[in-house]
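> here you go, sequence then predicted model.
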Amino acid sequence: MKNVVVLGSTGSIGTSTVKVADDLPDYIRLLGLSAGNNLELLLEQTRKHHPEAISITDPDKAQVAREALGTSTKVFSGTDGLIQLASLPGADIVLIAIVGTAGLQPALAAIRAGKDIAVASKEILVIAGEIVMNEAQKSGVRVLAVDSEHSAIFQALDGKPTDWVRRLWLTASGGPFRNTPKEEFPNITVERALKHPSWVMGRKITIDSATLFNKGLEMLEARWLFGVGMDRLRVVVHPQSVVHSMVEFIDGSIIAQLSTPDMCLPIQYALTYPERVSNGRVQTNLAKLGSLTFEEPDLERFPALALARKAGEVGGTLPAVLNAANEVAVEAFCNRRITFEQITQTVERTMERHQPVEHPSLEQILATDAWARQQAANL
């Protein structure tokens, strides 16, 4: 039995995690749950799973929750609430599924409290991968992947040394505009960008998949998760989203992990690792799928990949700039203040204005994040 804290239990990854807990009541207990604003769903999850504690961003909503639940469940709020949940003495693993940088402090709190963490929030490793992995090593805890791509690499590596690896291949669906001519990009609407061909996800990650920033962020994440340089990270477009990623070894062998697209599978693997537990939720019929295809990504139409590679090669605070500027630009696009193409342009111009700091402290990273957000907003 694993005692699991889920930070972001009402979002896309969080609700899938609750499904996994429903499937495996003898293996997973939800010890703590947190939500941003969706109090109704958080209360529903709490009444069903009886966690020891919950947290919600708004203190007023936390008070409403206390009145609704009585003394049966501790109720926290704000950033302090996330840190308290992440540090619960009885927790074995903390799954972090909070969009943006809000999961960074709770992740470090969990690590310092001796908890394994399962990372669904890319930003944690993108902006502070060096700090997080060093802290995890010092505390003797595991940082487990929840993204389907990183879970696939983790499963394919299966503990093999990284000096056996020639390349790590991250697969990308190509998003909704894989075949859209560049001249049509100025006319892309928010509604079109939110129609992903393979996955049902939150708004931010869906837009990132349309620009391919999502894959760029995954490259930066993989660099820290697996301890390889950017020169050994590659992206290949795979529209069927059945091959979730691949490891190419130095002898030329390529090992891949395949399944029908369903986030419950990598979530379950992270929470039950190192065991594999029977679950009939994910079924894959290769004959019915018929064929699997692969393409080179078009860097002219999707320059986000090149920007992410540059951020990873330069390192230091530059990945934090890329991440923060992208968050601001995506929000501006969703609010119809900029065009689809201007998302990438905003990120590039913000990166050009930054003087990177090598091996930054957490304070320097957070200061850079704030600086980049202001710069991107001004642009």
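Received, thanks.
> now the helices for the stretch 251-379 of the chain?
264-272, 286-289, 304-314, 318-334, 340-352, 362-378 (DSSP state H, counting those that start in this stretch).
> any idea which of the ones you listed scores lowest on pLDDT?
Note on those: lowest mean pLDDT is at helix 286-289, with a mean of 93.
> want to throw the helices of the stretch 251-379 of the chain into TSV with mean neighbour count and distance to Trp224?
Just so you know, the C-beta spots here come from the backbone N, C-alpha and C atoms, and that holds for glycine as well. Formatted as TSV, the helices of the stretch 251-379 of the chain follow (neighbours: other C-beta atoms under 10 Å; distance: least, C-beta to C-beta, whole Å):
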stretch	mean neighbour count	distance to Trp224
helix 264-272	23	16
helix 286-289	9	33
helix 304-314	20	10
helix 318-334	25	10
helix 340-352	20	19
helix 362-378	17	13
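> first to last residue in stretch 70-89, what's the distance?
Its start and end residues considered, stretch 70-89 measures 22 Å (C-alpha to C-alpha, to the nearest Å).
> buried residues of that stretch, list them for me.
The neighbour-count check on stretch 70-89 (16 or more other C-beta atoms under 10 Å) flags 73-77, 81-88 as buried.
> so which of these sit within strands?
The members of those that map onto strands under DSSP state E are 74-77.
> what separates Ser209 from Ala324, distance-wise?
19 Å (C-beta to C-beta, to the nearest Å).
> and what of His354?
Taking C-beta to C-beta, one finds His354 at 10 Å from Ala324.
> same question, Pro360
Distance, Pro360 to Ala324, using C-beta to C-beta: 13 Å.
> overlap in contacts of those two?
Shared between the contact lists of Pro360 and Ala324 (criterion: C-beta atoms under 8 Å, 6 or more residues apart in numbering) are residues Thr368.
> please look at Ala68 and Leu43 and confirm they touch.
Yes. Applying C-beta atoms under 8 Å, one finds Ala68 in contact with Leu43, separated by 5.9 Å.
> more crowded one of the two?
Set Ala68 next to Leu43 and count neighbours by other C-beta atoms under 10 Å: Leu43 wins out with 20 against 13.
> for Arg336, which non-adjacent residue is spatially closest?
Val190 (6.6 Å; C-beta to C-beta, 6 or more residues apart in numbering).
> also Ala113?
Ser87 (4.3 Å).
> so who does that neighbour touch?
109-110, 112-113, 115.
> swap in Glu221?
So Glu221 contacts 119, 122, 125-126, 129, 147, 150 (C-beta under 8 Å, 6+ apart).
> tell me what angle the helix or strand where it lies forms with helix 340-352.
Taking DSSP states H and E as the criterion, Glu221 maps to helix 213-225. Using axes from the mean of the first three to the mean of the last three C-alpha atoms, to 10 degrees, the direction of helix 213-225 lies 40 degrees away from that of helix 340-352.
> quick check: angle from helix 213-225 to helix 318-334?
Relative orientation of helix 213-225 versus helix 318-334 (the same axes, to 10 degrees): 160 degrees.
> other SSEs contacting the next helix or strand after helix 213-225?
Sequence order places strand 233-237 as the next helix or strand after helix 213-225, per DSSP H and E. Identification of packing neighbours for strand 233-237 by 3 or more C-beta pairs under 8 Å, 6 or more residues apart in numbering; DSSP states H and E yields strand 165-172, helix 213-225, helix 304-314.
> after the shortest one, which helix or strand is next?
What it means is strand 165-172. helix 190-193.
> figure out how far that following helix is from the centre of its chain.
Between the mean C-alpha location of helix 190-193 and the chain-wide mean there is a distance of 21 Å, by C-alpha atoms, centre = their mean, to the nearest Å.
> quick one, phi/psi of the residue nearest to Val314 when sequence neighbours are not counted?
Spatial nearest neighbour of Val314, excluding adjacent residues (C-beta to C-beta, 6+ apart): Pro356 at 5.5 Å. Phi and psi for Pro356, reported as degrees, to the nearest 10, are phi -60, psi 150.
> contacting residues around Pro356?
Contacts of Pro356 by C-beta under 8 Å, 6+ apart are 314-318, 321.
> what's the closest of those residues to Leu104?
Thr317 (14.0 Å; C-beta to C-beta).
> shouldn't that closest one be in contact with Ser361?
No. With contact defined as C-beta under 8 Å, Thr317 does not count as touching Ser361 (10.2 Å).
> tell me which of the contacts of Glu221 fall in helices.
122, 125-126, 129, 150 (DSSP state H).
> which residues outside whichever helix or strand Leu108 is part of are in contact with it?
Secondary-structure element containing Leu108, defined by DSSP H and E: helix 104-112. With C-beta under 8 Å, 6+ apart as the test, helix 104-112 has contacts from 5, 7, 79, 82-83, 85-87, 91, 94, 96, 98, 117, 119, 121, 123-124, 127-128, 131-132, 135-136, 139, 141, 362.
> now which of those would you call buried?
5, 7, 82-83, 85-87, 91, 94, 96, 98, 117, 119, 121, 123-124, 127-128, 131-132, 135-136, 139, 141.
> re earlier: any chance of the buried residues of stretch 70-89 in a markdown table, plus distance to Lys61?
Shown next, in a markdown table, are these (distance: C-beta to C-beta, whole Å):
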| residue | distance to Lys61 |
| --- | --- |
| Thr73 | 14 |
| Lys74 | 15 |
| Val75 | 9 |
| Phe76 | 11 |
| Ser77 | 7 |
| Gly81 | 11 |
| Leu82 | 14 |
| Ile83 | 18 |
| Gln84 | 16 |
| Leu85 | 15 |
| Ala86 | 19 |
| Ser87 | 22 |
| Leu88 | 20 |
